[in-house]
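Engineer: predicted model, plus sequence, below.
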Amino acid sequence: MSLIRVLFAILFPPLSVFDKGCGSFVIVFILTLLGWVPGVIAALIILNNPNNEN
């Protein structure tokens, strides 16, 4: 996980997981609409998942 990805996850959570798949993007987008903190947490979890490397 690079520093730029972490900054994107904090500032714009849906953009940080854009290349991880449509499902990840939609989930993070919905969580970000519900609240910024859930979106950031979900984005960081998805980015830190070693099984989902692209």
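Structural biologist: Thanks, I have the structure now.

Engineer: which residues touch the residue positioned nearest the centre of the chain?
Structural biologist: Nearest to the mean C-alpha position of the chain, counting by Cα atoms, centre = their mean, stands Ala43 at 2.3 Å. Contacts for Ala43 (Cβ atoms under 8 Å, 6 or more residues apart in numbering) come out as Phe8, Ala9, Pro13, Pro14, Ser16, Val17, Val28. Just so you know, the C-beta spots here come from the backbone N, C-alpha and C atoms, and that holds for glycine as well.

Engineer: state the distance from Asn48 to Leu7.
Structural biologist: According to Cβ to Cβ, to the nearest Å, Asn48 and Leu7 sit 15 Å apart.

Engineer: kindly report the same for Ile46.
Structural biologist: 15 Å.

Engineer: Asn51 in helix, strand or coil?
Structural biologist: coil (DSSP: H, G, I helix; E, B strand; the rest coil).

Engineer: burial of it, as a residue count?
Structural biologist: Asn51 has 4 neighbouring residues, counting by other Cβ atoms under 10 Å.

Engineer: picking that back up, okay, Ile46 and Leu7: which has more neighbours?
Structural biologist: Ile46 (20 against 11).

Engineer: quick one: the helices in this protein?
Structural biologist: 3-11, 13-16, 22-34, 36-48 (DSSP state H).
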